[in-house]
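Undergrad: Below are the sequence and a predicted model; questions follow.
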Amino acid sequence: MTQNHNSSSRSAEVVTLWQHQTKRDVSALSEMRGYWESLRSGRLVPLRSEIDPREISGALEYGFILERLQPGAVRFRLAGMHLCDLMGMEVRGMPLRSFISPTSRARFSATLERVFTQPEIQEYTLISDDTNGAQLKARLLVLPLKSDGGKVDRAIGCLTTEGVVGLAPRRFRVLETRVTSLINGTHTSSIAPSEELDRLAPRVAGFAEQQETFKPAPLPDAERTTGKPHLRLVVTDTP
């Protein structure tokens, strides 16, 4: 059987990974939070076992589930493909802080702990700079969950970006943190300290070392005392 091909059909567009651009899908964040709130249904925190991925199909690419193994150790149990694209590898089993730059990591880890101990809803505004200075903006949402044992040691959330993904891995600085307490409903917001951002200034200037002033080598003793060169050029026309 002969199959006719439509010559007017549009050929597939090939885009290299480092040129791939994603939009910050705000709807994914809204879908994830709305679903979590519906499961909560007046309770402090919903159960991990109540999560049905089919109910958040639009957020799965950006979504993840975290497990808190011990204080300061919060790792991915599941993660969507977008997170793997940002890291350039499978992120399951990796700590969430691996997406955060060293300048923001300690502060981020300390804040993240309160998702499980308070508990809290946390939202982050993030930014990543590649070696060419191109910026990738991101938003991170973390929502607490209870395990079947009744302990708040799980979390569900989203990480969405806006801009060119570029070469992986991408690591982000924290620009702003917004927190909602599930105990009293208060909202707080904090901006990253300016000194954290200032630490990156030397990187922007480049990798060149500071050049030192040229210092000529000292003259030989004979030349320094007589004022005449130590070596002389002798020319002769004798064949």
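TA: Structure received.
Undergrad: which ones are touching the residue lying closest to L182 once chain neighbours are set aside?
TA: Closest residue in space to L182, ignoring its immediate chain neighbours: P119 at 5.2 Å, by C-beta to C-beta, 6 or more residues apart in numbering. Any C-beta I mention is one placed from the backbone N, CA and C, and that applies to glycine too. The neighbours of P119, taking C-beta atoms under 8 Å, 6 or more residues apart in numbering as the test, are L44, V45, P144, V152, L182, I183.
Undergrad: any chance of those residues in JSON lines, with secondary structure, pLDDT and distance to S98 too?
TA: Shown next, in JSON lines, are these (DSSP: H, G, I helix; E, B strand; the rest coil; pLDDT from 0 to 100; distance: C-beta to C-beta, whole Å):
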{"residue": "L44", "secondary structure": "coil", "pLDDT": "95", "distance to S98": "29"}
{"residue": "V45", "secondary structure": "coil", "pLDDT": "97", "distance to S98": "25"}
{"residue": "P144", "secondary structure": "strand", "pLDDT": "98", "distance to S98": "20"}
{"residue": "V152", "secondary structure": "coil", "pLDDT": "97", "distance to S98": "22"}
{"residue": "L182", "secondary structure": "coil", "pLDDT": "97", "distance to S98": "26"}
{"residue": "I183", "secondary structure": "coil", "pLDDT": "94", "distance to S98": "29"}
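Undergrad: Any chance of a ChimeraX selection covering the buried ones in the residues you listed?
TA: Entered in ChimeraX, the line below selects the buried ones among those, by 16 or more other C-beta atoms under 10 Å:
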select :45,144,152,182
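Undergrad: Dump the contacts of P119 to TSV, plus distance to T161.
TA: Formatted as TSV, the contacts of P119 follow (distance: C-beta to C-beta, whole Å):
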residue	distance to T161
L44	31
V45	27
P144	23
V152	28
L182	27
I183	31
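Undergrad: Return the member of the contacts of P119 nearest to M81.
TA: Distance to M81 across the contacts of P119 (C-beta to C-beta) is lowest for P144, with 24.1 Å.
Undergrad: can I assume the closest one is in contact with G157?
TA: No. P144 is beyond contact range of G157, at 9.6 Å (criterion: C-beta atoms under 8 Å).
Undergrad: could I get stretch 46-63 in PDB with only the CA atoms?
TA: This file holds the C-alpha atoms of stretch 46-63, laid out as PDB (Å, rounded to 0.1, in the frame of the first residue of the first chain):
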ATOM      1  CA  PRO A  46      -3.000  16.100  54.000                       C
ATOM      2  CA  LEU A  47      -1.600  12.600  53.700                       C
ATOM      3  CA  ARG A  48       1.000  11.500  51.100                       C
ATOM      4  CA  SER A  49      -1.100   8.400  50.400                       C
ATOM      5  CA  GLU A  50      -4.000  10.700  49.200                       C
ATOM      6  CA  ILE A  51      -2.000  12.100  46.300                       C
ATOM      7  CA  ASP A  52      -3.400  11.000  42.900                       C
ATOM      8  CA  PRO A  53      -1.100  12.000  40.000                       C
ATOM      9  CA  ARG A  54      -4.000  11.900  37.600                       C
ATOM     10  CA  GLU A  55      -5.500  14.900  39.400                       C
ATOM     11  CA  ILE A  56      -2.500  17.100  38.700                       C
ATOM     12  CA  SER A  57      -1.500  16.000  35.200                       C
ATOM     13  CA  GLY A  58      -0.800  19.600  34.100                       C
ATOM     14  CA  ALA A  59       1.800  20.000  36.900                       C
ATOM     15  CA  LEU A  60       3.500  16.600  36.700                       C
ATOM     16  CA  GLU A  61       6.400  17.900  34.500                       C
ATOM     17  CA  TYR A  62       7.400  20.500  37.100                       C
ATOM     18  CA  GLY A  63       6.300  18.600  40.200                       C
END
